[in-house]
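Visitor: just a sequence and a predicted model for now, questions to come.
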Amino acid sequence: MKVYPSPGLSVRDPVTKQLLDENGLEVADGDLHWDRLLRDKDVTLTPPAKASKPAIGGDKA
């Protein structure tokens, strides 16, 4: 499964000690550490939404 940090949180990989980035991390299904973080909503299985580019030129009335 692939996990992503929940919005506004910094989550550290317990093996590498590196923070998870927005690209997520592939982890083993059934891993107790990641299952606990999922349960506590510190990580999610949903990738973060990409920020949309602002419209150029504004609205034309």
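Guide: Perfect, I can see it now. Numbers count the residues shown, from 1 in each chain.
Visitor: hmm, Leu9 is touching Thr44, no?
Guide: No: using C-beta atoms under 8 Å, Leu9 is not in contact with Thr44, being 9.6 Å away. C-betas here are computed from N, CA, C, even on glycine.
Visitor: which of those two has more residues huddled nearby?
Guide: Set Leu9 next to Thr44 and count neighbours by other C-beta atoms under 10 Å: Thr44 wins out with 16 against 13.
Visitor: and that one, bridged to which residues?
Guide: Beta-bridge partners for Thr44, by DSSP bridges, are Tyr4.
Visitor: please tell me how far it sits from Thr16.
Guide: Thr44 sits 20 Å away from Thr16, going by C-beta to C-beta, to the nearest Å.
Visitor: how about the helices of the chain, start to end?
Guide: 32-39 (DSSP state H).
Visitor: which residues in it form strands?
Guide: Applying DSSP state E to the chain gives strands spanning 2-5, 25-26, 43-44.
Visitor: quick one: list the elements packing against the second one.
Guide: In other words, strand 25-26. Using 3 or more C-beta pairs under 8 Å, 6 or more residues apart in numbering; DSSP states H and E, the elements in contact with strand 25-26 are strand 2-5.
Visitor: what mean pLDDT does the strand it packs on get?
Guide: Averaged across strand 2-5, pLDDT comes to 96.
Visitor: with stretch 18-27 instead?
Guide: On average, stretch 18-27 scores 94.
Visitor: ok, stretch 38-46 next?
Guide: Mean predicted confidence for stretch 38-46 is 97.
Visitor: if you tally nearby residues, what's the number for Gln18?
Guide: Counted with other C-beta under 10 Å, the neighbours of Gln18 add up to 9.
Visitor: Asp42 and Asp13: what is the separation?
Guide: Asp42 is 12 Å from Asp13, by C-beta to C-beta.
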